[in-house]
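# A structural model of the following input is requested.
(2 chains)
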Protein chains: 2
Amino acid sequence: MEKLLKEITPKSQDYSQWYTDVIKKADMVDYAPVKGFMVMKPYSYRMWEFIQAALDQKFRETGHQNAYFPLLIPEHLLIKEAEHVEGFSAEVAWVTMGGNEVLAERLAVRPTSETVVGAMYSQWIQSYRDLPVLINQWANVLRWEKSTRPFLRTTEFLWQEGHTVHRTAAEAEAETRQQLGIYHEMMENLLAIPVVAGAKSAGERFAGAIETYTLEALMGDGKALQSATSHFLGQNFARAFDIQYLDEDGTLKFGWTTSWGSSTRLIGALIMVHGDDKGLRLPPRVAPIQIVIVPIGRGKDREQVTRYAKLLSEQLSATFRVKLDDRDEFTPGYKFNDWEMRGVPLRIEIGPRDLAQQQVIVARRDTGEKIAVSEASLPDTLANLLDLVQDTLLQQARQYQQENTFAVENYQEMAHHNFKGFFMGDWCGQETCADQLKQETSVTIRCLPFDTELAGTGCIVCGRPGQHRALFARAY
Amino acid sequence: MEKLLKEITPKSQDYSQWYTDVIKKADMVDYAPVKGFMVMKPYSYRMWEFIQAALDQKFRETGHQNAYFPLLIPEHLLIKEAEHVEGFSAEVAWVTMGGNEVLAERLAVRPTSETVVGAMYSQWIQSYRDLPVLINQWANVLRWEKSTRPFLRTTEFLWQEGHTVHRTAAEAEAETRQQLGIYHEMMENLLAIPVVAGAKSAGERFAGAIETYTLEALMGDGKALQSATSHFLGQNFARAFDIQYLDEDGTLKFGWTTSWGSSTRLIGALIMVHGDDKGLRLPPRVAPIQIVIVPIGRGKDREQVTRYAKLLSEQLSATFRVKLDDRDEFTPGYKFNDWEMRGVPLRIEIGPRDLAQQQVIVARRDTGEKIAVSEASLPDTLANLLDLVQDTLLQQARQYQQENTFAVENYQEMAHHNFKGFFMGDWCGQETCADQLKQETSVTIRCLPFDTELAGTGCIVCGRPGQHRALFARAY
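Predicted structure coming up:
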């Protein structure tokens, strides 16, 4: 029993090591043969599939269709949008040989697809009748990162990237906001992660964007994680890639484009927002296994209990994602720890006495609470408990975020909190202040939250009058 | 009306040009900026999603889980299994630069993942209790092909690749057959494509496999298309990658592995098996749009008809995949041709007279038949018609295959059929005969079909006693 727990470093002792221990011990990932790459094992990949399903449905409901664009982008295309290439050039992996021949032009493994999508859209779009174009793709991308962490920053990651073209700036801007809303809802409802939504400051925008909207979540160590972004690209990419349409009035106009993405990074957030010293704690809606059943007993008792547990498992599987752990080689105690480490929301224990009393014991992963539940009321109780766990995790995360959000009047105040948490403060709007802050404290402007007002206490760096209320934090 | 039809070259005139016309005009693909790559537009990508959903469900039901392995494979891993690397080395694309630095070791963009999966499995598998390992991945792969055709042979394609490890040869062999069975069922039930199932001859096996099982389908021009394969890899990869497990008897043993795959190539088969001179003909189960509604009429009539068509479209959308074509700028005739080209199985026409008589006209894409259907019986009739179209397409394809399968006693007989069709003949089992046949006629051994018997007429090439009954054809 003790062995498993000892394998996970306590969060308080070394958060980074805790994270590494959890993802390995909970069987989520393994390190690939090439540095910076990871293998997503079935347990974490299943979580990604739930995220995919939730987003894909919403994208479809809002009129988007999936398509697939090529992995490799010729260099001459990648460099067409000046700001964009500047933002990505240092991170690109290049294919220079195909078959046994050296290629005439080197090909970028896509770091993102605005360029190749733009080149195609310029051919597809002729008339205002062709608009809007609302396309999403599920794909892998590569960014050659110097320092990597599984899920949070990997050289290759899986994501979806939406790319749309609209007739007017207002329509494109509305699309950008709508898609951010879809991410927002998914994060709270599926992942039980509260976020702060807002606009990026100019210095933190996507390379080539007019506006970048973001969702910022607070991790268990007080650092922020940018969780999903949605970009209003204005006409920058339309001009670079000649995306023009003949409008109803007979004149040729540039389209207004957007792009928006979310990635396997979300699984990193899931771990860091909900995990504790025993390992993962998974919100039921994204848990590959929602209920684990552990039969308890020896000898003849064990046989009887296991037979019953098998029946129960089959019955509950019609409604829930259930796993029966009838392994012989482990003790119940070991199994309890094992499934707690993997974050399974509910555990059902069945012993000979429970069997006699027509009841089972249900243990909650989030609170540790154990209750006896009669056989008759079990399905309903489990459904209610799963909702309760989902809700409790969101409430706990919300409370943690609230308790760790601090209004500051000057940036030195952040030191009182060891620079851990969300800091709300006025900002003069000058990038020089943002740069100074970053250099001195590693704190960055995470976003300019929607619907906030200036406190009027002056820029937290220079003291001059504030232009924006901003969310500051150290970030992943 | 004529314009659209003229855009598609008749099959009989130039099959290859017909194919190219159909995929472009039906809005399925576009050519990407890099030669040999394609863009899958929403219409064809949706078909891929239906194929994915059908296979994924069956994989899951048979105990498989999805995971994700890295895109890039270091050269030293790729070359570990000798036959395997020989089979793929000429087709590999290499990443040689990451960021702005030249890499110490070049990295292959995966042409298939046996090697990197094998390297991981050797770490994951310790004991017989860890077996079987049943993992699938949905991914993109690259093979640097000299001559490409959209869907059929592209430098990048999307596929799924299953990789499993078993305790015994028999279990691995059974897995290989089971997965072939899943492909077989999907092809007939979803895509309405009949196939011949069998084992590949040694010369046509997957590089490194002991046995390769295949499904061969007959295209509209009399050529075969290898549609899905399942490989029994014996212990070849287990030895190369050191996949060993401690068995119950306390000894260390090599695992037995399999791999199996199917790809976006299936969409090429769908086009070539069912398409006609008007364009695509889609089996309803894989059709992104199952029913298109075209309102007909002018002026005031048109308004009334369109209003009704809209209501009908909303009502039917609960059950079917429906598209209302209320575009102003095109005539009904143009729309009929347009949707026929895209292969939509059923078309509903509604004119003012139909409206008055509380009926609609339903036209079948497969037969061209038109029937009047009363409003009251419409939903049931549509459901029945969709089943009928699905079934008819399968029967037609089956009949075509039967009529174009010829028993031959010597290979010269194939010339009577211009080498078009499936040819069944005895084969002595010598690769020299297979080589001679290929060189002289471009005909290859597609498979040694299951459950067939020798005719006893001698090898179709050398006349010596036959060892196998074989399926011969020219192939894509």
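# would you list the phi and psi of the residue in the stretch 301-450 of chain A positioned nearest to chain B?
Here the stretch 301-450 of chain A gets closest to chain B at one residue, A:E329, 7.2 Å apart by CB to the nearest CB. C-beta: built from backbone N, CA, C; applies to glycine. As for A:E329, its main-chain torsions (degrees, to the nearest 10) stand at phi -80, psi 0.
# mind checking pLDDT for it?
At A:E329, the pLDDT value in this model is 90.
# could I get the pLDDT score of the closest residue to it other than its chain neighbours?
Spatial nearest neighbour of A:E329, chain neighbours left out: B:R129 (7.2 Å); criterion: CB to CB, 6 or more residues apart in numbering or on different chains. At B:R129, the pLDDT value in this model is 96.
# isn't B:R129 right up against A:D328?
No. Using CB atoms under 8 Å, B:R129 is not in contact with A:D328, being 9.6 Å away.
# tally of neighbours for the residue of the stretch 301-450 of chain A closest to chain B?
A:E329 has 7 neighbours, counted by other CB atoms under 10 Å in any protein chain shown.
# how about the particular helix or strand that has A:E340 in it: buried residues?
Secondary structure assigned from DSSP states H and E places A:E340 in helix A:332-341. The neighbour-count criterion (16 or more other CB atoms under 10 Å in any protein chain shown) identifies A:334-341 as the buried residues of helix A:332-341.
# before we move on, the earlier item: compare B:R129 and A:D328 (neighbour count), which wins?
For the pair B:R129 and A:D328, the greater number of neighbours falls to B:R129 (12 against 7), based on other CB under 10 Å.
# helix/strand/coil for that one?
Under DSSP: H, G, I helix; E, B strand; the rest coil, B:R129 falls in the helix class.
# mind listing the residues bridging to the residue in the stretch 151-300 of chain A that chain B sits nearest to?
Residue of the stretch 151-300 of chain A nearest chain B, by CB to the nearest CB: A:E156 (5.4 Å). Following DSSP bridges, A:E156 is listed with bridge partners A:L142.
# what's the neighbour count on it?
Using other CB under 10 Å, A:E156 has 23 other residues around it.
# which of the helices or strands spans the most centrally placed residue in chain A?
Closest to where the C-alpha atoms of chain A average out (CA atoms, centre = their mean) is A:L266, at 1.6 Å. Using DSSP H and E, the element containing A:L266 is helix A:265-274.
# how's chain A carved up into domains?
Per automatic domain parsing, the domain ranges recorded for chain A read A:7-274, A:289-385, A:406-473.
# next, the residue sitting furthest away from the middle of chain A: secondary structure please.
Note on chain A: the largest C-alpha distance from the chain mean falls to A:K300, namely 47.2 Å (CA atoms, centre = their mean). State at A:K300, reduced to three classes by three-state DSSP: helix.
# tell me who's in contact with the closest residue to chain B within the stretch 351-476 of chain A.
Closest to chain B within the stretch 351-476 of chain A is A:Y476: 19.9 Å, counting by CB to the nearest CB. For A:Y476, the contact set (CB atoms under 8 Å, 6 or more residues apart in numbering or on different chains) comprises A:149, A:152-153, A:219, A:223-226, A:268.
# and for A:A228?
Applying CB under 8 Å, 6+ apart, we find A:A228 in contact with A:180, A:183, A:187, A:214-215, A:260-262, A:266.
# what does A:G162 give?
Here A:G162 is in contact with A:59, A:64, A:134-136, A:179, A:258-261 (CB under 8 Å, 6+ apart).
# show me the subset of these that also lies near chain B.
Near chain B, judged by CB under 8 Å from any CB of the partner chain, the entries from the contacts of A:G162 are A:I135.
# from the contacts of A:G162, which is closest to B:A26?
Nearest to B:A26, judged by CB to CB, of these is A:I135 at 17.3 Å.
# the closest one is in what secondary structure piece?
strand A:133-142.
# that strand vs strand B:133-142, what angle?
For strand A:133-142 against strand B:133-142, the angle by axes from the mean of the first three to the mean of the last three CA atoms, to 10 degrees is 110 degrees.
# helices and strands around strand A:133-142, which ones?
Counting contacts by 3 or more CB pairs under 8 Å, 6 or more residues apart in numbering or on different chains; DSSP states H and E, strand A:133-142 packs against helix A:42-61, strand A:65-66, helix A:114-124, strand A:156-166, strand B:133-142.
# got the CA positions of the next helix or strand after the fourth one in PDB?
Right, the one you point to is strand A:156-166. Next helix or strand after strand A:156-166 toward the C-terminus (DSSP H and E): helix A:169-189. The C-alpha coordinates for helix A:169-189 follow below in PDB (Å, rounded to 0.1, in the frame of the first residue of the first chain):
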ATOM      1  CA  ALA A 169     -14.700  42.500 -40.000                       C
ATOM      2  CA  ALA A 170     -17.700  42.400 -37.600                       C
ATOM      3  CA  GLU A 171     -18.700  38.900 -38.700                       C
ATOM      4  CA  ALA A 172     -15.100  37.600 -38.300                       C
ATOM      5  CA  GLU A 173     -14.800  39.300 -34.900                       C
ATOM      6  CA  ALA A 174     -18.100  37.600 -33.800                       C
ATOM      7  CA  GLU A 175     -16.800  34.200 -35.000                       C
ATOM      8  CA  THR A 176     -13.600  34.700 -32.900                       C
ATOM      9  CA  ARG A 177     -15.600  35.500 -29.800                       C
ATOM     10  CA  GLN A 178     -18.100  32.600 -30.400                       C
ATOM     11  CA  GLN A 179     -15.300  30.100 -30.700                       C
ATOM     12  CA  LEU A 180     -13.700  31.300 -27.500                       C
ATOM     13  CA  GLY A 181     -17.100  30.800 -25.900                       C
ATOM     14  CA  ILE A 182     -17.200  27.200 -27.100                       C
ATOM     15  CA  TYR A 183     -13.800  26.600 -25.500                       C
ATOM     16  CA  HIS A 184     -14.900  28.300 -22.300                       C
ATOM     17  CA  GLU A 185     -18.000  26.200 -22.000                       C
ATOM     18  CA  MET A 186     -16.100  23.000 -22.700                       C
ATOM     19  CA  MET A 187     -13.400  23.800 -20.100                       C
ATOM     20  CA  GLU A 188     -15.900  24.500 -17.300                       C
ATOM     21  CA  ASN A 189     -18.500  21.800 -18.200                       C
END
